Structures are given as C-alpha cells and as structure tokens.
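Student: Let's see this in three dimensions:
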Amino acid sequence: MRHFAVIVLLCAGALHAKKAKFSFKFEKNDVIIIDKYQDIRVSEAGQTKSREEKNRIVLTVNETGANGALMNGVFNTYSRTPKLVGQFRRDRDFVSKFVFQADGQNIVSDDYVMPNLRSLPAFPEQELAPGDKWKLPALETMDFDSGKIKIPLEVSYHLIGETELPEESQIKRKADEVDYKYAFRKVVSDPRSPFHTIVGVSADRLWFDREQGMPLFDINRLTYTFYLRDGNILRMAYRIDSWWKKTKRATDDERKQIVSDTNKDIATNPNVSVRETAEGIVLDLNSILFDTDSARLTPQAQKDLEVIAQILKKYPDREIRVSGHTDSTGRPAYNQTLSEQRAKSVVLDLTGPKAMDSKRFSYRGYGEARPVAPNTTPEGRAKNRRVEILIVTE
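Tutor: Just a heads-up that it's a prediction; the model follows:
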C-alpha cells in the first residue's frame, strides 16, 4: 500500500508540472553571437582524415514586428587540417538577411546561402512542461556549384527540463534542456549534381534560457553520407559545440573610446596606427615587420607585437582577425601566398611567445587585392605592404 501511495503522489506531481512558454526574444540593436566549434571526420575510399572548423555567426536585429525580428547576418568560417595542427585560417564569409520569428522559424530568401539549417530549434504555440514532446518542420539547404539542394526535415523534440549545463560549456548554471533529432534520405534528381543520394542523421542537446529568450549552449552529433554518381561514398561525421551570447551593438562612443585608449598605448610607436571600420578597430602594422620577400618577423616586429599583445589583452572577449597584404609588385599568386604567410607569422607570435588564447585568432591573406593607397609611388606601395589586426566589435 505504501508503494502504491508513492506512485500516486509521483503521478500527481507529474500531472501538475509547471508549464512555461518557450520563445525567442529580440529587441532592436540586439546582437546575437554564435560561436561554433566543429570536430570533423571525413572518410572516403578507405581513408579517414581529421578537420577542424569554427564558425562565428553575428546576427544584428534591425527591426522587430509582428512577424518577428529582421536580422542582418554575417557568417564567418575558419578551418585547420589536420586537427590541432597550426592556426585557424579564415576561409569564407557569407552575408544574409532574414526574418527570425519568436517561435524559432526562419524565413530566408533563396538568394542567401546562410543560415543553411533553418528553424532549429522551434517551439509550439502552447506552453510546455518537462516531459513534453512535439514535432515541427525545418529545412536544410546545401549549396553546390551544380545548384542548391533543399532538404525538408521533420524534427522531433523532447523537453527534458532544468539540468546543469555540461562541463565543456564552461557555464556553471542550470537551464532548460531541449533534446531534438531528425533523419533524412534525399534523392537528388538533378543530373548535374555529383551526388545521387544524401543521407543525414542528427541529434542535439540544447540548453535554453527562457528569461533571455535564447539558447546558451548546444551539442550536436551529425553524420552525412553522400552517395556519388561515380560509385564512391563520402562520409562526414561532426561533433559541433555552439555557444550563444546576446549583447548590444557597440555604440559610437564605446568604439571611439577603444580608439582613444589604443592611440595612447601606441603614441610612441611609429610602426603602428589605429583606425575604425564597420567591423571594429584595426591596428595597422607596416612593412618593417618583415624583410623583403620574407615572412619571418624582424626583432623590431617582435617588440611591436609585444605592445599589440598588451592592447589585445584588454579585450579578452573579442575575436581577433589578422590579415596580410602586399603591394602590386610581383606575381599575384606569389603575393597571395606571401601575404598569408605573414599574417600567420603574426598569429603564431601572439599565440606562442605572447601566450594569447589561440581560439580568439584567425588569419587570412589578401595579396594585393585590398590596397589602402595607390601602388604608383614608393610611399603608396609601402602603405600597402602591411598586416592588419582587427579587434571585432560587431
């Protein structure tokens, strides 16, 4: 009889579990930053290779209304191969504009590549209690040279309830855990595509903060199998960890303060200058960093970077992008390689001897493609031979 009474009490408690509304909350000028780390295994023809990627997604709320929030999105991708070797190279940048609805559904024009996973997670209209399950549609898109492939998804959700965030999140608190999964098998009818069938399986654990109206962290396990028309099979297995953060767009006064403070720090250094861009604050380092046709830092350059490191340490939460540039002297292909090697040398110095967190840094070479002065004079060419260090504020 005692056991029966306990069971009755437990059932009664479950029936009266507190329900709550789950929705995304956005205000104008909100900035949502999503940092993704991807551990990837690629298997083809009996060989498996490792690869790492990280993505930084910055969504800025331009307007809000009855239909949701109108977002401007910037999607930056970085990679290094093999895993844990070298620095992250900045690969590609995508821009987007789309509507992010309060229930999590996304309305995206076919003109944009990103977001390629749309309407994940999403919530029903009714309030939810721990243990509730629901299903909602979503969409995955894949853009190839042969065209865009659209894959409709049916996603199964399960609200676990309030749990501790996992240790790898580095967030010590509880939030509502939402688990969801989906699987698909897509037959590709377009003969121009190298694939005739794509199979995908995904499982996700996500922790959602109802007060902020946004996720905090999620862990995704995702596997794709691509069946190629030539008979080969390509498998890609992902572990993706994502950190979400909401902030406000930096004000003009805040950006000007960073410029003012940085100018004071470099007042006696003629080799460094500061300027403001749409993305953040740029520190320009001139060609004294390197000898002619070399990517090895000079002793003076290493001293200059010590000053730079002290500046960057004042902004520990900011992403740092290092880009290399050359003048138009020499072959374009050579200039491209040299600019990339120089940018990488700066990152290696800042994250090696200067002991800064490598996860904040990425590098990219632009060769002669982005001059800041005419290449028709020695002075102009000298200005174009530079390395830029961007403190991202947007």
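
Student: Which secondary structure element is home to residue 114?
Tutor: Per DSSP states H and E: residue 114 is located in neither a helix nor a strand.

Student: how about it, what does it touch?
Tutor: Residue 114 is in contact with 57, 73, 75, 94, 96, counting by CB atoms under 8 Å, 6 or more residues apart in numbering. Every C-beta, even on glycine, is put in place using the N, C-alpha and C of the backbone.

Student: Specify the next element, helix or strand, located C-terminal of the lengthiest helix in the chain.
Tutor: Longest helix in the chain, counting residues (DSSP state H): helix 332-351. Counting by DSSP H and E, the element after helix 332-351 in chain order, helix or strand, is strand 361-365.

Student: got the CA coordinates for that next one in CSV?
Tutor: In CSV, the C-alpha atoms belonging to strand 361-365 read as follows (Å, rounded to 0.1, in the frame of the first residue of the first chain):
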residue,chain,number,x,y,z
PHE,A,361,42.6,34.3,-33.5
SER,A,362,42.3,33.6,-37.2
TYR,A,363,44.4,34.7,-40.2
ARG,A,364,43.9,35.3,-43.9
GLY,A,365,46.0,36.6,-46.8
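
Student: Which of the residues in the helix or strand that that strand is followed by are classified as buried?
Tutor: Next helix or strand after strand 361-365 toward the C-terminus (DSSP H and E): helix 378-384. Neighbour counts over helix 378-384 (16 or more other CB atoms under 10 Å) mark 381, 383-384 as buried.

Student: Let's test this: mean pLDDT of helix 378-384, rounded?
Tutor: For helix 378-384, mean pLDDT is 83.

Student: Same question for stretch 324-342.
Tutor: Averaged across stretch 324-342, pLDDT comes to 89.

Student: same check, this time on stretch 240-258
Tutor: Stretch 240-258 shows a mean pLDDT of 86.

Student: Endpoints of that stretch, how far apart?
Tutor: The straight-line separation of the ends of stretch 240-258 (CA to CA, to the nearest Å) is 33 Å.

Student: Just want the most central residue of this structure.
Tutor: Ranked by distance to the mean C-alpha position of the chain (CA atoms, centre = their mean), the top residue is residue 56 at 1.7 Å.

Student: which one is it nearest to, not counting chain neighbours?
Tutor: Using CB to CB, 6 or more residues apart in numbering and skipping the chain neighbours, the partner closest in space to residue 56 is residue 76 (4.7 Å).

Student: how many neighbours does the one you found have?
Tutor: 19 (other CB atoms under 10 Å).

Student: Against which helices or strands is whichever strand or helix holds it packed?
Tutor: In this assignment (DSSP H and E), residue 76 forms part of strand 68-80. Counting contacts by 3 or more CB pairs under 8 Å, 6 or more residues apart in numbering; DSSP states H and E, strand 68-80 packs against strand 47-65, strand 89-100.

Student: how about low-confidence regions in the stretch 151-300 of the chain?
Tutor: 287-288, 292 (pLDDT under 70).

Student: can you give me the helices for it?
Tutor: Remark: helices assigned in the stretch 151-300 of the chain by DSSP state H, counting those that start in this stretch are 252-265, 299-312.

Student: from the middle of its chain, how far away would the last one be?
Tutor: Taking CA atoms, centre = their mean, to the nearest Å, one finds the center of helix 299-312 at 27 Å from the center of the full chain.

Student: Report the buried residues of that helix.
Tutor: By 16+ other CB under 10 Å, the buried positions in helix 299-312 come out as 301, 304-305, 307-309, 311-312.

Student: again, but for the first one
Tutor: Within helix 252-265, the residues scored as buried using 16+ other CB under 10 Å are 255, 258, 262, 265.

Student: which one of those residues sits closest to residue 376?
Tutor: Residue 376 lies nearest to residue 262 out of these, by CB to CB, at 30.8 Å.

Student: coming back round to it: okay, the helices and strands packed on strand 68-80 in JSON lines with distance to residue 34 and mean pLDDT next?
Tutor: Conversion of the helices and strands packed on strand 68-80 to JSON lines gives the following (distance: least, CB to CB, whole Å; pLDDT from 0 to 100):
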{"stretch": "strand 47-65", "distance to residue 34": "4", "mean pLDDT": "89"}
{"stretch": "strand 89-100", "distance to residue 34": "12", "mean pLDDT": "87"}
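
Student: ok, residue 364 touching residue 336?
Tutor: No. Contact criterion CB atoms under 8 Å: residue 364 and residue 336 do not qualify, at 10.4 Å.
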